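Colleague: using only what follows, build the 3D model:
(chains A and B)
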Amino acid sequence: MTIIISPAETAIPLPPTLRPLDPATTSRQRRGLVPDLLRSEWEKLRSIRTTFWSLAIAVVAMVGISAIVAAVHTGGSGRGFDALSGTFTGVLLAQLAIGVLGVLTITSEYSTGMIRSTFIAAPQRRAVIAAKAGVVGLVTFVVSTIASFASFFVSVAILSSHGTHLSLGSPGALRSVIGVGLFLGILAVLAVALGTIIRSSAGGIAALVGLLLVLPTLSQAIPTSIRGSVEKFLPANAGQAVFLHTDTGSLSPWIGLLVFAAYAIAGLGIALVMVRRRDA
Amino acid sequence: MNGHTASIEARGLTKRFGGTLAVDELSFEVFPGQVTGFLGPNGAGKSTTLRMILGLDRPTAGEAQVNGRPFSEHERPLFEVGALLDPKAFHPGRSARNHLRSLALANGLGSERVEEVLDIVGLAGVGDRRAGGFSLGMGQRLGIASALLGDPGILILDEPVNGLDPDGILWIRNLLRSLASEGRTVLVSSHLMSEMALTADQLIIVGKGALLADDSVENVVHASGHNSVRVRTPQADELDAVLASEGLSSRKEGANQLTVESGSTDRIGDLAARHRITVHELTLVQASLEEAYMELTHDSLTYQAEPFGSLNESAA
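Modeller: As a prediction, this is how the structure comes out:
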C-alpha cells in the first residue's frame, strides 16, 4: 500500500520547538519534595467532583440529622435521652461518605491509569501515598470540624426552644464536637490506606463498610464472656467513643480515639510497604 | 550534551509473571540525538520493558538506568524523562489543565509551564474540558503534554500513534523527529514496522521478550539479505535456463517475468547480453523494512494466525 501525502496533510504545521524551561520557573523547585507532593495531592483532590459531593453529603448528613433528632426528641424533653449523643447521630452516615471519599482518592487512580502518570512524575511512592493521606485527612478534619460545630449549634438552638439546655460548656460537649472532626479525619486516612492496599474501588469500599458496620455486628458471634472486652477495641467502636456515649462498656473517649488512630497508622504502614513492593 | 553516553541502559532486564517469561534478559542502550524504534509483535514484552525502565514494574532480574541512575532515584524525574505509556492515564473527571497542574506541582513546576505545554500540543482551547470526554488523539496529546512538562532530555513513548488519524500520526512523527534533532533521546515503541521506517534512525527489535536486533534501520534491511532482481523479458524461459547454468536460482512470475534471488543487476544484464536475450526491465528489488521485520519476528509471534492459504502463494 502506498501512502500518498496530500497537500492538506503537508499543510499541518511542524510542532513548535520546545521552549526551554524558564530558569525562574525551575528555580522554584527548591521548595522540597514534601511540600511539592502535598500541593500536587491538594490539586488532585480539589479538581474532581467526587470530593465536593462526598464532603457535601457528609455535612448535610451531620447537620440535617442533628436537627431532625433534636426536633423529634424535644417532646419528651430530657429524661432518658442523651442530647449530646443525639446531636452526632448524623456522623454514622457521614462516616460512610468520608470513607468512600478516602478510598476513591487512591482507587480511582488505579482504575483510570492515573497512578502511572503519578508515579512517573513522582517515583517516591511512599511519600506520594503519605502526602495523599495527609491532604485527604486534613481537608476532612477541617470540613468535618466545621460541620460538627454547625450541627452542634443547630441542635442547641432547637433543643433550647423546648427547654433542654445544652452548651459547649456541658460535660463532654466540646470534646465530642472536636472529637467528631478528629474521628472523621483519621477515618479518611484509614480509608486511603485501605484503598492503597486493595486498589479496587468496589473492594476498598466493601472493606470500609465491613470495618465500620459489619464487624461490630459480627462480634455478636463472640462468646458473651469475652465479647465486651473485644467489642470495645473494634475500630468503629473505639473511634466513636469520643462522641457517642453508649451505656455498654466502651473505651474512655480519648483512649478510644487513640486506639482508632493506631488502626489508621497500622493500616497506613501496611499500605506504604505494599505500594513500594508491588508493580504499579 | 555528549553524544556517546547512553541515556537509557538496560542490562539483563528480565520480567516473569507467574510462569510466563515476559522479558528475557534484555540488554540495550539508547542514545541521544536520534529516534530509536522499539519494535516487536504484540505481546513481545515492549510495554513491560518500558514500564521497568520507568520504575513502574520491578524487574525479576537485571536493571535499567536512565541518565546513569535507576529511574526511581531521580527526585525530579520530569526534568530527566518524559513518558507516555497509555493515552488514558488520567482521571476522566479532571480537566486537562488540572491534570497537568497536579503532575507539574509534584516537580515544583508552576502553571506557566502547564500553559506552555498545552500550547505546544494544541490543547490550549480545551484545557478546561474534562479529559474523560477527549478523543483518543486528544488523549495522546495530553499524554505528550505531560511528558514535555519538565523539558526532559529523554522521551519514552509507548505506541504513540495507535488509533490516531493521519493528521495525528503526521503530527507525532514530526514531533519525534524535531525532538531528536534538538539532541534529545527519543525511544518510541511500535508494532508497526511501516511507521518506524518513516520515523526511526535506530531499531531495537524484540520478540517473545528477547532481543532480535539492535542496529540502524539500513543495517536491519541489509542484513535480512532478501534483495532480489526482477527481470522482464519476452525470452523468460531462455534466460531462466542461462541463469540456472550459472548457478543462479530464479523463478518465473508470469509469462515474461523472472525473479532472481541472488546476483546483481550487472551480472544478470551481462549474461543476457552475451546470450542475445532481450531485456525490457532489470530492477534491484530491495527488501522492505517490513519484510526484514517479518523475517526477524516470524518465529517469535506470541499470537500467530494460521497462514491464509490463497494469500500465501508468494511465500518462498
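
Colleague: correct me, but residue B:152 touches residue B:79?
Modeller: Yes: with contacts defined as C-beta atoms under 8 Å, residue B:152 counts as touching residue B:79 at a distance of 6.1 Å. To be clear about C-beta, it is placed using only N, CA and C from the backbone, and glycine gets the same treatment.

Colleague: settle it for me: which of those two has more neighbours?
Modeller: residue B:152 (23 against 20; other C-beta atoms under 10 Å in any protein chain shown).

Colleague: list the contacts of the residue nearest to the spatial centre of chain A.
Modeller: Among the residues of chain A, residue A:188 comes closest to the average C-alpha position under C-alpha atoms, centre = their mean, at 2.2 Å. With contacts taken as C-beta atoms under 8 Å, 6 or more residues apart in numbering or on different chains, residue A:188 has the following neighbours: A:98-99, A:101-102, A:133, A:136-137, A:139-141.

Colleague: so what pairs up with residue B:30 in the strands?
Modeller: Beta bridges link residue B:30 to residue B:8, judged by DSSP bridges.

Colleague: tally of neighbours for it?
Modeller: In terms of burial, residue B:30 registers 22 neighbours under the definition other C-beta under 10 Å.

Colleague: ok, it to residue A:236 distance?
Modeller: In this structure, residue B:30 and residue A:236 are separated by 53 Å, where distance is defined by C-beta to C-beta, to the nearest Å.

Colleague: how about the strands in chain B?
Modeller: All strands of chain B, identified by DSSP state E, fall at B:8-17, B:20-30, B:35-39, B:61-66, B:81-84, B:154-158, B:185-190, B:202-207, B:210-216, B:228-232, B:250-252, B:257-260, B:281-285.

Colleague: columns mean pLDDT on top of those, output as TSV?
Modeller: Below are the strands of chain B laid out as TSV (pLDDT from 0 to 100):
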stretch	mean pLDDT
strand B:8-17	96
strand B:20-30	95
strand B:35-39	95
strand B:61-66	96
strand B:81-84	96
strand B:154-158	96
strand B:185-190	95
strand B:202-207	93
strand B:210-216	92
strand B:228-232	88
strand B:250-252	85
strand B:257-260	88
strand B:281-285	86
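
Colleague: list the contacts for residue 160?
Modeller: Reading this off chain A. Under the contact definition (C-beta under 8 Å, 6+ apart), the residues listed for residue A:160 are residue A:166.

Colleague: switch to chain B, that's the one I care about
Modeller: Contacts for residue B:160 (C-beta under 8 Å, 6+ apart) come out as B:84, B:140, B:143-144, B:172, B:176, B:188.

Colleague: can you pull out the low-pLDDT segments for the stretch 1-150 of chain B?
Modeller: In the prediction, the stretch 1-150 of chain B carries residues with pLDDT under 70 at positions B:1-4.

Colleague: in it, which residue sits closest to chain A?
Modeller: Here the residue of the stretch 1-150 of chain B nearest chain A is residue B:108; by C-beta to the nearest C-beta that distance is 3.3 Å.

Colleague: so what's the backbone phi/psi at that residue?
Modeller: In this entry, residue B:108 is assigned phi and psi values of phi 70, psi 20 (degrees, to the nearest 10).

Colleague: residues near it, how many?
Modeller: Other residues within reach of residue B:108, judged by other C-beta under 10 Å, total 24.

Colleague: hmm, it is touching residue A:31, no?
Modeller: Yes: shown here, residue B:108 and residue A:31 form a contact pair, counting by C-beta under 8 Å, at 5.5 Å.

Colleague: kindly report the residues of the stretch 101-250 of chain A close to chain B.
Modeller: Selection of the stretch 101-250 of chain A residues close to chain B by C-beta under 8 Å from any C-beta of the partner chain yields A:108-109, A:112-114, A:116-124, A:128.

Colleague: so which of those residues are in strands?
Modeller: In this view, those have no member that belongs to strands under DSSP E.

Colleague: give the buried residues for the helix ranked longest in chain A.
Modeller: For chain A, the helix that runs over the most residues, judged by DSSP state H, is helix A:125-160. Along helix A:125-160, the positions that meet the burial threshold by neighbour count (16 or more other C-beta atoms under 10 Å in any protein chain shown) are A:125, A:127-141, A:143-145, A:147-149, A:151-156, A:158-159.

Colleague: what of stretch A:240-247?
Modeller: For stretch A:240-247, using 16+ other C-beta under 10 Å, the buried residues are A:240-244.

Colleague: and if you look at stretch A:167-179?
Modeller: Of the residues in stretch A:167-179, A:173, A:175-179 count as buried by neighbour count, 16+ other C-beta under 10 Å.

Colleague: now do stretch B:91-111
Modeller: Buried residues in stretch B:91-111, counted by 16+ other C-beta under 10 Å: B:91-110.

Colleague: what does stretch A:224-242 give?
Modeller: A:231-242.

Colleague: what does it rub up against?
Modeller: By C-beta under 8 Å, 6+ apart, the residues outside stretch A:224-242 that reach it are A:91-92, A:175-176, A:179-180, A:182-183, A:186-187, A:190, A:211-213, A:215-216, A:219-220, A:222, A:248-257, A:259-260, A:263.

Colleague: what separates residue A:64 from chain B, distance-wise?
Modeller: 26 Å (C-beta to the nearest C-beta, to the nearest Å).

Colleague: what mean pLDDT does the longest helix of chain A have?
Modeller: With pLDDT averaged residue by residue, helix A:125-160 scores 96.

Colleague: dump the residue contacts of residue 139.
Modeller: In the absence of a named chain, this looks at chain A. The contact partners of residue A:139, taken as C-beta under 8 Å, 6+ apart, are A:42, A:45, A:51, A:55, A:188.

Colleague: not quite, I wanted chain B
Modeller: Applying C-beta under 8 Å, 6+ apart, we find residue B:139 in contact with B:87-88, B:90, B:131.

Colleague: do residue A:137 as well
Modeller: Residues counted as contacts of residue A:137 (C-beta under 8 Å, 6+ apart) are A:185-186, A:188-189, A:192.

Colleague: tell me the one of the residues you listed nearest residue B:51?
Modeller: Of all the contacts of residue A:137, the one sitting nearest residue B:51 is residue A:192; the distance, using C-beta to C-beta, is 24.2 Å.

Colleague: confirm that that closest one sits in a helix.
Modeller: Yes: inclusion of residue A:192 in a helix is indicated when DSSP: H, G, I helix; E, B strand; the rest coil is applied.

Colleague: my guess is it contacts residue A:131. True?
Modeller: No: the pair formed by residue A:192 and residue A:131 falls short of the contact definition of C-beta under 8 Å, at 10.2 Å.

Colleague: ok, which of the strands of chain B comes nearest residue A:35?
Modeller: With respect to residue A:35, and counting by C-beta to C-beta, the nearest of the strands of chain B is strand B:81-84 at 22.5 Å.

Colleague: mind giving me the packing neighbours of that closest one?
Modeller: helix B:136-148, strand B:154-158 (3 or more C-beta pairs under 8 Å, 6 or more residues apart in numbering or on different chains; DSSP states H and E).

Colleague: any weak-confidence spans in the stretch 151-300 of chain B?
Modeller: Applying pLDDT under 70 to the stretch 151-300 of chain B picks out residues B:224-226, B:300.

Colleague: can you tell me which residues in it are near chain A?
Modeller: Taking C-beta under 8 Å from any C-beta as the contact definition, the stretch 151-300 of chain B meets chain A at B:151, B:166-167, B:170-171, B:174-175, B:178-179, B:182.
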